[in-house]
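Participant: 3D model of this:
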Amino acid sequence: RKLKLLGLAHIVLPDSAGRTQTLGKYADSAIPETIRRMTILTGGAKLSLTAKIAGGANMFVQVSPNNGNTIGEQNLQAVEKALALGNIPIIGRHVGGTSGRRMVVDVLTGTVQIHIVGQATVQI
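Facilitator: Presented below is the predicted three-dimensional model:
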């Protein structure tokens, strides 16, 4: 927060399965890559990072697996694991459900607003 530095990753799938062309799509590669790039921007300084996460909706309920482990849930589990491996605490979350979200982030204050059509805006 002191540096007004923010990293944002839009996770599409939980596991890159070794793919290196599109690091930003997968939880297991996007989070470490985001941290690496933020560290470069600070000249290699040790960062004290926190995370706010949003998403993981099951927007296609009609194709939900019987075991309930949807791609959204798998993504959330992978994000939580990657953040834990980086010792990054999650200080805010708005996850799950069946509707997509629009996220607005203010780098100066660190506030995150979540907008879902037909619902009140939530701040995390």
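Participant: so the residue nearest the centre of the chain, which of the three states?
Facilitator: Closest to where the C-alpha atoms of the chain average out (Cα atoms, centre = their mean) is residue 53, at 4.6 Å. The three-state assignment at residue 53 reads strand, by DSSP: H, G, I helix; E, B strand; the rest coil.
Participant: can you map out the helices along this protein?
Facilitator: 27-41, 71-85 (DSSP state H).
Participant: May I see the buried residues of the last one?
Facilitator: Buried residues in helix 71-85, counting neighbours by 16 or more other Cβ atoms under 10 Å, are found at 71-76, 78-80, 82-83. C-beta: built from backbone N, CA, C; applies to glycine.
Participant: same question, the first one
Facilitator: Buried positions in helix 27-41, judged by neighbour count with 16+ other Cβ under 10 Å: 27-31, 34-35, 38.
Participant: Pick the one among those residues closest to residue 16.
Facilitator: residue 29 (4.4 Å; Cβ to Cβ).
Participant: Relative to residue 8, how far out is residue 40?
Facilitator: Per Cβ to Cβ, to the nearest Å, residue 40 is found 16 Å from residue 8.
Participant: for the residue nearest to the centre of the chain, which residues make a bridge with it?
Facilitator: residue 93 (DSSP bridges).
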